[in-house]
Every structure is written in C-alpha cells, then in structure tokens.
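>>> When you get a sec, could you give me coordinates for this:
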Amino acid sequence: MLSDSQQLTRTGRHNIAVSPDGQNIAYVADSQLYLRGMGDVEARPIAGTNQDINTPFFSPNGQWIGFQAVPEGKLKKIAITGGASVTIADVTNPFGASWELDDRILVGQGGQGIVRVSANGGTPETIVKVEAGEFAHGPQMLPDGEHVLFTVAKGTGATRWDEAQIVVQSLRSGGRTVLINGGSDARYVPTGHIVYALGTNLLAVPFDERSVTVTGGPVPILEGIGRSLPNNTAAMFFSFSTSGALAYFVGVDRTNRSLALVDRKGESVALPMPPLPYADPRISPDGKQLAIGVAEENESNIWIYDLAGALAPRRLTFGGTNFSPAWTPDGRRIAFISNRDDNLNAIFWQPANGSGSAERLTDPKAAQLTSLRLSADGKIVYRDARGEGSIWTLPLEGDRKPQLVIDGPGNQIHANLSPDGCWMVYSSTESGRIEVYVQPFPPTGANYQITTTEAFDPLWSPDGRQIFYLEAQGNNLAGLTSVDVRTEPGALPTPIPLASPKRCRSLRAERGPTT
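I've put the predicted structure just below:
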C-alpha cells in the first residue's frame, strides 16, 4: 500500500481506516492523509491534511474522514475529495475514535475516560469515566445505541495492553461488563464477532449483540500485524468495513532490541547482550554497570549487566511490571516504578547489589507514574500521567513529600535536573507538538524553549555543559542531538538568560550536530 518514498508517521496512534462500504482506504504517512480506492493503483494525498495528523476514521456514509491535528490539538474532519478541513472540537491525546450512525463521534481519552461530541462541532462530554490508574481505548457504539465497547488497561508497563480487559458499558445504567480478559483494541463487526488484538495477532470471538455476551472462544484470524509500542496506546494497525473488508499494515519486530555504546562521532560498540525487549537503559555512576528494563511474558523486570562482560546478568526485581530504573548518586541503590501494589504504579527503591528487598516510597493510589530520573543531589524526578501530565520531585531525605514542579501548559513528559540543581530540562507539548524546554529550579515562572523541531527525552551531560535529546518525525526517531550550554554570555550577541538569582549562571543554548 505504501510507496517506496512514504513513511508511516504518528505510529503511536491508529493510522489506517477503511470506509464502511469497503471502497476506500485512508492512512497516515509523511504526516498527512492518503486515500486509496480499491480499484486504484496508487494512493493520493488528500489536500488540506498536510498538518501532522493521526487517528483517521470514516463517517458512516464514507464521504468524510475524521482525524486529530496534533499541532493544534483539534479534532477535525475533511471531505474525501479534499479542501478545507473543519474543526469539530478541542481534543488532545486520542486513544482511538469512531463516528457513529447518529452523527456523533466517540474519542478515547486514556486516563480521562471516553468523550462524545457532535460531528458538527461542540464541546466534548464525558460519557465513560475510569478509575485512577485506568486507561480507556478504542470506543465503539454497539448497534443498540446503548452500549459502548472499549478497552480498559491499568498501569503503564510493557504488557498493559495484552493484560487489559475488553468491556462493554451501558450508557443508561452505567454498568460495565467484562467480555474478554487479556487483549485490546476490539472492534465489533457485523458478522456477529468481536475482533481484537493480542500481541501482533488478531483474534475473533462470537458475540451476541442482543444479550451483549461472548458466546464462544477466541479463534486466531491473522498474525504479524503492526501496532503501537506498548507504552503508547493499544492501537493495532487494522480496520474493518461493514461489508467485511479488512485493511491492515504488516508489522515489524519492534520489541527485541540490541544495545550498543555510541560516542559523539556516531561510532558504536555493540554490547555482548542478546536481543531482548529492552527499555530505559541507565549506566551506573561509576560507568561499570547497566540497569535496564526487560519485558517478559507476563511482567517486566529490571536487570543488572556488567559492562565489562565479566559477570553474568543479574535480575534485580521480582513480581509485577517494573520499569524506569535510576541509580542513586552513590550507585548503591536503584529507584524504579512498579505496579506490584494494588496494580497501580508507585516508586520503589532497593539495594543495587540485590542484598535487600524493595521499599515503597510513594502511595500507589495517589498517581499514575512514568519517566523516573534521579538528580545528582538525590531528588527523584518523575511524571504523573493524570490529566495532561505533570512533573514532580521526591526528596530521598527528610519527610519524602512529593512536590509539584510543572503542571501545564500542555503535556509534560520527560524531566531531569541539571547536575548543579539549578535547571530542569523537560519535554512538553505546550506549543502543540513535543519540544524541549528549560526552566530554573526551583521554578520562577520562566521557561525557555530549546528546540524548534519535535524532540523528547532530554538528558544532561555529567558536567552540566550539554543537553542531549532525541529528535522525532511524528512517532519515528530522527536522531540524537546535542545542545551546548555555554557560560560566556559576554561573548554572545543574544544570550538566553537562564539564570536564577543566586546560584546559577546566564546561559545560552546552541544546537549541536545530529549524531
């Protein structure tokens, strides 16, 4: 379906849709919509959609396509013939969407539940709420117009969507019924089945819409379909028409990864470690060990590797989904996030040598935690995914009381304190796309934008003179970039004054080469 010159973008969300009559396929590539008729040899770009979009879905009559415009944070629609797009509502962070026969649109909002809005525009209303730690994905109204089919997942670990529940909820009574334990991104199809994702496979179960019950066991129907990475949404890259046509993108192995050390010249040395579903590698302060998350069949754990290869790998954590490890400055402990208590994320730490058990540092019912880091002076910096996402710190001494640092505008995602404790670098969507910012710490109300392109996951160099971050194109990695943090404002014609009044310097950030 894709031409050799096209590249899928925004692959953390749905990126393909087939019209209800099965005659057209829409997909997202190169940050815009393409349309291909079943009888056409090639797809054509839809004029007016070159605005960085995701989550395409057709109107019931197949003449319109809905989508989310990422930079604007808007839900929009456009005629399949192209032209000016029409804004429907303010919507960010979509977890799937569908256009129903009554000309209303349902949008999954993750930790904010499910909203509904008229296709003619208006203010979204919440029709399904979720509990703390739950995420709602992929809403679809069943033919009775009363029950909503969707996925509910808990936590933020690598296996959350394969461990999720597929449910129906009555809009009249509010009652929720679990249909399937273990699976996600379900679709009701008129053949009387629910089709859903498990791993990269599609399965189907018979479903009686009158009694709203599953009437048989699952049957595999297709293997090797592409899907979002597990730390994003449950999006599986497939779509069904009401006539039974299926469109999908073939998947690639996005789980097993090899590890390497890369220098500033771009030269890499492979580490003697087998390809596995690695995540969040963190080198110890003395540079001798590596802590890293490894997804396993039903859980995720943190392992310790000797970078010299002299010692065998050692598993540090046991039980639940454990991720985002961070070394304490002295290298004696590792802090991490785990859902082992009540299936909600909390921060734990334990001795790095495995000599003691894990100690919980935060209340598991208080937050939805991701992206943990540790500062040079021993503060834990983390993200609370509730709402649009906020940044907090947790001191490891004293009363260990969490403190809110950044709460909007936009979605705050990754954050780190500089080695001298004067600055916080973080990625945020406050401009409409994810970019890197710096602000004084403690906060003064000022912030400074470092990047002018999509960028995320910033880190400070050990001496505090550089910031490293990943550049992106949609949801695809474009490269690693460095920013030099200079300390000679007098030699610079237009320095950016990143200074707090007492302790910190005036600094200027200059973009370095991509490596």
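
>>> Pull up the pairing partners for the strand or helix carrying residue 438, direction included.
Taking DSSP states H and E as the criterion, residue 438 maps to strand 435-440. Taking DSSP bridges as the criterion, strand 435-440 pairs within the sheet with strand 423-428 (antiparallel), strand 448-449 (antiparallel).

>>> closest to residue 200 out of these?
When the strands paired with strand 435-440 are compared for distance to residue 200 using Cβ to Cβ, the nearest one is strand 423-428, at 28.3 Å. Every C-beta, even on glycine, is put in place using the N, C-alpha and C of the backbone.

>>> how does the chain divide into domains?
Taking automatic domain parsing as the reference, the chain has its domains at 16-248, 260-464.

>>> Which residues does stretch 68-78 contact?
Contacts of stretch 68-78 from elsewhere in the structure, counted by Cβ atoms under 8 Å, 6 or more residues apart in numbering, are 10, 13, 33, 46, 48-49, 51-55, 59, 64-67, 84-92, 94, 97, 105, 107, 117, 119, 429, 431-433.

>>> These in strands, which ones?
The strands in this structure, assigned by DSSP state E, contain 33, 53-55, 64-67, 86-90, 97, 105, 107, 117 from the contacts of stretch 68-78.

>>> that older thread, and the buried ones among the contacts of stretch 68-78, selectable in ChimeraX?
Here is the ChimeraX command that picks out the buried ones among the contacts of stretch 68-78, judged by 16 or more other Cβ atoms under 10 Å:
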select :10,13,33,46,48,49,51,52,53,54,55,59,64,65,66,67,85,86,88,89,91,92,94,97,105,107,117,119,429,433
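
>>> Quick one, which of the domains of the chain gets closest to residue 485.
With Cβ to Cβ as the criterion, residue 485 lies closest to domain 260-464 of the domains of the chain, at 6.8 Å.

>>> Report how many residues lie close to residue 279.
Applying other Cβ atoms under 10 Å, we find 21 other residues in the vicinity of residue 279.

>>> Specify the beta-bridge partners of it.
Counting by DSSP bridges, residue 279 forms beta bridges with residue 293.

>>> Confirm for me that it is in contact with residue 295.
Yes: applying Cβ atoms under 8 Å as the test, residue 279 and residue 295 come out as touching, 7.0 Å apart.

>>> Extract the C-alpha set from stretch 50-60 and format it as CSV.
Only the C-alpha atoms of stretch 50-60 are listed here, as CSV (Å, rounded to 0.1, in the frame of the first residue of the first chain):
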residue,chain,number,x,y,z
ASN,A,50,-0.6,18.2,5.5
GLN,A,51,-0.7,19.3,9.1
ASP,A,52,0.8,16.4,11.2
ILE,A,53,-2.2,14.2,12.0
ASN,A,54,-3.2,10.9,13.5
THR,A,55,-6.2,8.7,14.2
PRO,A,56,-8.2,8.7,10.9
PHE,A,57,-11.8,7.4,10.9
PHE,A,58,-14.6,7.5,8.3
SER,A,59,-18.1,8.9,8.6
PRO,A,60,-20.9,6.4,8.3
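
>>> any idea how far that stretch is from the chain center?
Here stretch 50-60 is found 19 Å from its chain centre; the criterion is Cα atoms, centre = their mean, to the nearest Å.

>>> Mean confidence (pLDDT) on it, please.
On average, the pLDDT along stretch 50-60 is 92.

>>> How about stretch 420-435?
If you average the pLDDT over stretch 420-435, you get 85.

>>> For that stretch, C-alpha coordinates in PDB please.
Presented in PDB, the C-alpha positions along stretch 420-435 are these (Å, rounded to 0.1, in the frame of the first residue of the first chain):
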ATOM      1  CA  ASP A 420      24.200  21.600  39.900                       C
ATOM      2  CA  GLY A 421      20.500  21.500  40.700                       C
ATOM      3  CA  CYS A 422      19.800  24.900  39.100                       C
ATOM      4  CA  TRP A 423      17.800  23.900  36.000                       C
ATOM      5  CA  MET A 424      15.100  21.500  34.900                       C
ATOM      6  CA  VAL A 425      15.100  20.300  31.300                       C
ATOM      7  CA  TYR A 426      11.900  18.600  30.100                       C
ATOM      8  CA  SER A 427       9.800  17.800  27.100                       C
ATOM      9  CA  SER A 428       6.300  19.300  26.700                       C
ATOM     10  CA  THR A 429       3.500  19.700  24.200                       C
ATOM     11  CA  GLU A 430       2.700  23.300  25.200                       C
ATOM     12  CA  SER A 431       3.400  24.500  21.700                       C
ATOM     13  CA  GLY A 432       1.200  21.900  20.200                       C
ATOM     14  CA  ARG A 433       4.000  19.400  19.500                       C
ATOM     15  CA  ILE A 434       6.500  17.800  21.800                       C
ATOM     16  CA  GLU A 435       9.600  20.000  22.200                       C
END
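
>>> If you count neighbours, what's buried in it?
Applying a neighbour-count criterion of 16+ other Cβ under 10 Å, the buried positions in stretch 420-435 are 420-430, 433-435.

>>> what's the answer for stretch 296-304, then?
By 16+ other Cβ under 10 Å, the buried positions in stretch 296-304 come out as 299-304.

>>> can you pull out the helices in the stretch 51-200 of the chain?
Using DSSP state H, counting those that start in this stretch, no helices are found in the stretch 51-200 of the chain.

>>> Low-confidence regions, it specifically.
Low-confidence segments of the stretch 51-200 of the chain, defined by pLDDT under 70: 156-158.

>>> how about 90 then?
Low-confidence regions of the stretch 51-200 of the chain, defined here as pLDDT under 90, cover residues 51-52, 70-73, 82-83, 92-93, 111, 132-134, 154-160, 162-163, 190-191, 199-200.

>>> what about the strands in it?
Secondary structure of the stretch 51-200 of the chain (DSSP state E, counting those that start in this stretch): strands at 53-58, 64-69, 74-79, 86-90, 97-99, 104-108, 114-118, 125-128, 134-141, 147-154, 165-170, 176-181, 184-189, 193-198.

>>> Tell me which of those lies nearest to residue 360.
Residue 360 sits nearest to strand 147-154 of all these, at 17.4 Å, using Cβ to Cβ.

>>> Which elements pack onto that closest one?
Contacts of strand 147-154 with other secondary structure elements, assessed using 3 or more Cβ pairs under 8 Å, 6 or more residues apart in numbering; DSSP states H and E, are made with strand 125-128, strand 134-141, strand 165-170, strand 184-189.

>>> I'd say residue 130 and residue 115 touch.
No: with contacts defined as Cβ under 8 Å, residue 130 does not count as touching residue 115, sitting 11.9 Å away.

>>> between those two, who's got more neighbours?
residue 115 (23 against 20).

>>> can you give me the helices for the stretch 401-515 of the chain?
If DSSP H, counting those that start in this stretch is used as the criterion, the stretch 401-515 of the chain turns out to lack helices entirely.

>>> Same check on the stretch 201-350 of the chain?
If DSSP H, counting those that start in this stretch is used as the criterion, the stretch 201-350 of the chain turns out to lack helices entirely.

>>> where do the strands sit along it?
Under the criterion DSSP E, counting those that start in this stretch, the stretch 201-350 of the chain contains strands at 201-208, 213-214, 219-222, 238-240, 246-248, 260-262, 268-270, 278-283, 289-295, 300-306, 314-315, 322-327, 333-338, 346-351.

>>> now those strands in CSV, with distance to residue 471 and mean pLDDT?
Output for the strands of the stretch 201-350 of the chain, formatted as CSV (distance: least, Cβ to Cβ, whole Å; pLDDT from 0 to 100):
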stretch, distance to residue 471, mean pLDDT
strand 201-208, 33, 93
strand 213-214, 45, 94
strand 219-222, 34, 90
strand 238-240, 29, 93
strand 246-248, 29, 90
strand 260-262, 15, 83
strand 268-270, 18, 83
strand 278-283, 19, 89
strand 289-295, 23, 90
strand 300-306, 27, 91
strand 314-315, 34, 92
strand 322-327, 22, 91
strand 333-338, 26, 92
strand 346-351, 29, 92
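
>>> count of residues packed around residue 472?
Counted with other Cβ under 10 Å, the burial measure for residue 472 works out to 20 neighbours.
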